[in-house]
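1. Next come a sequence and a model predicted from it.
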Amino acid sequence: MEQIPQIPKEKFKLVHDENNTEQEKIGTPSLTYMQDVRRRLFQNKVAVVCLTLLSIIVLISVFAPIIAPHQPNVQNVTLSNLPPKLGNLNIPGMNGYQNMGGKMVDAYKQAGAPKGTSFILGTDYLGRDLLSRIIYGTRLSLVVAVLATLVDLLIGVPYGIVSGWKGGRTDTVMQRIVEIVSSVPNLIVVILMMIILKPGLTSIVIAIAITGWVTMARLVRAQTFQLKEQEYILAARTLGESSTKIATKHLIPNLSSTIIIQTMFTIPNAIFFEAFLSFIGIGIPAPNASLGTLLSDGQKAFRFLPYQMWAPAIILSIIMIATNLLGDGLRDAFDPQSSEH
């Protein structure tokens, strides 16, 4: 039997060279799901502008004690209803002059205000600085929004997961409870809370806690129904993982897009609900300021002192519009196909 000659290794030559290696490299780096979401979100210019505006408003509200030029509840009746004035700058509408009997008059001088006194957005009927009250009022409205979001996360998400995961009779009973709760108007719940408790932040938060989680629970339940039929969920159940572990390890991460998007729509609803209650007089009690109470006070003198209502109305509109547009941007970022329909 002939012996096959051995070929030395030196005779072998690599086929590929550096140019081929460069061609084989992936053109774009691989991205995780969340990195891809962030990339799509920051490509949406409208969402980025809204995110920037909301970030500025939140930062100003958080640092209200430092940023606010005056104490929001300090009264000085001698300086009541002063128009906006920005330092010593002679800017029309921001120079402290007011139309009285067809003649422009220096309202600050007429009121006997000390030299150098100025209020950027003017004062209200009790001489309180409007800018400071708007900053603190926005802060209180955002607190209501945060508490409403926590209620959604702590009640709505677990309720929806349990209802969708269990299914059958358990799901039927839980959904009948949801229908009963959603049929009760929020205003009725607030009035009942006011009878039991005194008007204020606590009554509003409890009213939101009773009825505000329903939408989140329904959305999470619908998504859970779809997810529990996926192969990785069935594999986890086959391997004997508990329902709690499957929920925390598999369901909640895959429900994150639905939860985040719904949260962005919960925030403006809660802010508007609080503003509505305060506007009709059953929300935040005096002397505390919220956007609703500022609008209520401003509309009383809107004919003669429109600036008292315009300022809080603009802030409320910015928060509502920016939050909704950011929510749309997040929805498109998490689910690109939704923007194509």
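-> Good, I have the coordinates. Numbering: from 1, shown residues only.

2. from here on, contacts and neighbour counts on C-alpha atoms
-> Noted.

3. Wait, Pro268 touches Ala145, no?
-> Yes - judged on CA atoms under 8 Å, Pro268 makes contact with Ala145 at a distance of 7.3 Å.

4. Pick out whichever of these two has more residues nearby.
-> The neighbour count for Pro268 versus Ala145, taken as other CA atoms under 10 Å, is higher for Ala145 (25 against 22).

5. tell me the contacts of that one?
-> Ala145 sits next to 266-268, 270-271 when contact means CA atoms under 8 Å, 6 or more residues apart in numbering.

6. ok, those residues vs Ala113, which is closest?
-> Ile271 (35.7 Å; CA to CA).

7. Under the pLDDT cut-off, which ranges of this structure? List them.
-> 1-29, 31, 33, 335-341 (pLDDT under 70).

8. Give me the nearest residue to the residue nearest the centre of the chain, chain neighbours excluded.
-> The structure's the chain has its C-alpha centroid closest to Ile267; by CA atoms, centre = their mean the separation is 4.1 Å. Spatially, and ignoring its direct neighbours in sequence, Ile267 is nearest to Ala145 (4.9 Å; CA to CA, 6 or more residues apart in numbering).

9. Next: Gly122.
-> In space, Gly122 is closest to Pro84, 4.0 Å off (CA to CA, 6+ apart).

10. residues in contact with that neighbour?
-> 93-96, 118-123.

11. for it, phi and psi?
-> phi -60, psi 140 (degrees, to the nearest 10).

12. next SSE after the host helix or strand of Ile267?
-> Using DSSP states H and E, Ile267 falls within helix 252-279. With elements assigned by DSSP H and E, the helix or strand that comes after helix 252-279 is helix 291-300.

13. how far is that next one from where the chain is centred?
-> Between the centre of helix 291-300 and the centre of its chain there are 22 Å (CA atoms, centre = their mean, to the nearest Å).

14. If you count contacts, what does that helix end up packed against?
-> Here helix 291-300 touches helix 130-151, helix 252-279, helix 307-334, going by 3 or more CA pairs under 8 Å, 6 or more residues apart in numbering; DSSP states H and E.

15. Specify the angle between the last one and helix 130-151 in degrees.
-> It stands for helix 307-334. Angle between the axes of helix 307-334 and helix 130-151 is 30 degrees (criterion: axes from the mean of the first three to the mean of the last three CA atoms, to 10 degrees).

16. now the strands for the stretch 1-150 of the chain?
-> Here the stretch 1-150 of the chain has its strands, by DSSP state E, counting those that start in this stretch, at 97-100, 103-106.

17. Sheet partners, orientation included, of the last one?
-> Right, the one you point to is strand 103-106. Here strand 103-106 has these sheet partners by DSSP bridges: strand 97-100 (antiparallel).

18. can you tell me which residues contact Gly292?
-> 274-279.

19. need the residues you listed in JSON lines with neighbour count and distance to Ile196, can you?
-> Shown next, in JSON lines, are the contacts of Gly292 (neighbours: other CA atoms under 10 Å; distance: CA to CA, whole Å):
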{"residue": "Glu274", "neighbour count": "27", "distance to Ile196": "19"}
{"residue": "Ala275", "neighbour count": "24", "distance to Ile196": "21"}
{"residue": "Phe276", "neighbour count": "19", "distance to Ile196": "21"}
{"residue": "Leu277", "neighbour count": "17", "distance to Ile196": "17"}
{"residue": "Ser278", "neighbour count": "25", "distance to Ile196": "18"}
{"residue": "Phe279", "neighbour count": "20", "distance to Ile196": "21"}
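
20. Tell me the one of these nearest Gly101?
-> Looking across those and measuring by CA to CA, the closest to Gly101 is Phe279, at 30.9 Å.

21. I'd say that closest one and Thr293 touch.
-> Yes - counting by CA under 8 Å, Phe279 touches Thr293, with 5.4 Å between them.
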